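Student: When you get a sec, could you give me coordinates for this:
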Amino acid sequence: KTTTPTTGTPVTTGTTTTGSTVAGAMTVALEGTAVAQYVPKNASSVKVGTVKLSATAGDVTVQSLTVSRSGLGNAADIASTNGVRAAQNGVVISSTADYYNPTSQKATVYFSPALVVKAGTSASVDVLVNLSGAENSQHQFTLDAVNASNTTVTGAPVTLGLLNTTSYVTATTTANLAVA
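Tutor: Residues are numbered from 1 along each chain as shown. Presented below is the predicted three-dimensional model:
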């Protein structure tokens, strides 16, 4: 409703909304603190940080995360396939299509199925890294973006942990459970 006061300037006194869709809103933040770690040069599933994804308005469907790597280490020290993963409660929840590009130094971590964060709740997601490089390297990680549909995401970028590689090498072990 618009009225014109005696000064001749129109003033809007009400609004009408029709057919609106409630878009989600999400905030992202570091849960805990970002730490520097010394790890074997071929360490796998090293947690570099936990991010808290909070849906503040409407349900939010998260398709992927974008994580970047920087530092004095060789960018190719991170495995291209599944070099950066996502997990919850110790279980990998990201897709096997996770990909790290050593040229751009960016990883795309896909959720399949998509990660749904219900309105008014939060989801904690661990960011894991797999190394296959040299000793005495440094790798700093940052969550650059949360890629979600029908939403606005605030809080990124989020600085994650720093990995310093050592000369130690991890070995593979196999355990079999025998039932008597």
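Student: ranges for the strands of the protein?
Tutor: Assigned by DSSP state E, the strands in the chain fall at 2-3, 11-12, 24-31, 36-40, 46-57, 60-70, 84-88, 91-92, 99-101, 106-117, 122-129, 138-149, 151-154, 158-166.
Student: If I take the fifth one and strand 158-166, what angle do their directions form?
Tutor: Translated: strand 46-57. 170 degrees (axes from the mean of the first three to the mean of the last three C-alpha atoms, to 10 degrees).
Student: for strand 46-57, which positions count as buried?
Tutor: 46, 48-56 (16 or more other C-beta atoms under 10 Å). (Glycine included, C-beta is placed from N, CA and C.)
Student: Note down every partner strand of it and its orientation.
Tutor: Strand pairing for strand 46-57, determined by DSSP bridges: strand 24-31 (antiparallel), strand 122-129 (antiparallel).
Student: hey, which of these is tucked in deepest?
Tutor: Of all those, strand 122-129 has the most neighbours on average by mean count of other C-beta atoms under 10 Å, namely a mean of 21.
Student: Can you show me the CA trace of that one as PDB?
Tutor: Extracted in PDB, the C-alpha atoms of strand 122-129 (Å, rounded to 0.1, in the frame of the first residue of the first chain):
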ATOM      1  CA  SER A 122      24.300 -28.700  13.000                       C
ATOM      2  CA  ALA A 123      26.500 -31.400  11.500                       C
ATOM      3  CA  SER A 124      30.200 -31.800  12.400                       C
ATOM      4  CA  VAL A 125      32.300 -33.000   9.500                       C
ATOM      5  CA  ASP A 126      36.000 -34.100   9.900                       C
ATOM      6  CA  VAL A 127      38.300 -33.200   7.000                       C
ATOM      7  CA  LEU A 128      40.800 -36.000   6.400                       C
ATOM      8  CA  VAL A 129      43.900 -36.000   4.200                       C
END
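Student: what's that strand in contact with?
Tutor: 31, 45-55, 65, 67, 78, 83-88, 92-93, 109, 115, 117, 139, 141, 143, 160, 163 (C-beta atoms under 8 Å, 6 or more residues apart in numbering).
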